[in-house]
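Chemist: Make a model of this:
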Amino acid sequence: MSERVHAHVAAFNDTVASGEWETFSERFADDATLAFEGLPVGPFTGRPAIAAAYAAQPPTDTMTVVGVDSEGDRDTVRFAWSAGGTGTMRITWRGGAIAALRVSFTG
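Modeler: Presented below is the predicted three-dimensional model:
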């Protein structure tokens with residue numbers, strides 16, 4: 001697993017426990033986008049909107065990475081939720097920050 005994916009998932013899991021979504025949102029570029037496929041929320045554009053979205057509906061499950069495919073500035077991350085179910089994150093990076101995050105849930 002790439003270091004950037006490991007760091008992102010570790011920060012996410014730590015934030016689920018702490019509730020510090022404002023701090024977590026600093027991982028995103030100022031103009032980043034966040035979208036959830038199959039859920040009636042978002043998309044969200046910009047770090048303030050992303051922080052507000054996480055604060056308004058904070059995740060309660062942590063995730064474990066089960067596979068990563070990387071190509072240049074993009075990672076496709078397959079994960080499992082601690083409470084059950086799986087999903088995929090598609091992350092685009094820019095200058096060490098998340099420029100776009102698209103999350104889909106598969107079960």
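
Chemist: Tell me where the chain has helices.
Modeler: 3-18, 21-25, 47-56 (DSSP state H).

Chemist: For residue 100, find the nearest of those helices.
Modeler: Distance to residue 100, taken as Cβ to Cβ, is lowest for helix 47-56 among the helices of the chain, at 10.8 Å. Heads up, the C-betas are built off the backbone N, CA and C, glycines and all.

Chemist: list the buried ones in the closest one?
Modeler: Within helix 47-56, the residues that count as buried by 16 or more other Cβ atoms under 10 Å are 47, 49, 50, 51, 53, 54.

Chemist: Is it possible to get TSV of the residues you listed that adds pLDDT and distance to residue 24?
Modeler: Putting these into TSV (pLDDT from 0 to 100; distance: Cβ to Cβ, whole Å) gives the following:
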residue	pLDDT	distance to residue 24
47	95	10
49	96	14
50	95	9
51	94	8
53	93	11
54	92	7
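
Chemist: Residue 66: which of those residues is nearest?
Modeler: residue 54 (22.7 Å).

Chemist: If you count contacts, what does the lowest-mean-pLDDT helix or strand in the chain end up packed against?
Modeler: Here the helix or strand of the chain ranked lowest by mean pLDDT, DSSP states H and E is helix 21-25, holding a mean of 90. When contacts are defined as 3 or more Cβ pairs under 8 Å, 6 or more residues apart in numbering; DSSP states H and E, helix 21-25 packs onto helix 3-18, helix 47-56.

Chemist: ok now the shortest one, how far from the chain's centre?
Modeler: By that I understand helix 47-56. Once both centres are worked out by Cα atoms, centre = their mean, to the nearest Å, helix 47-56 turns out to sit 12 Å from its chain's centre.
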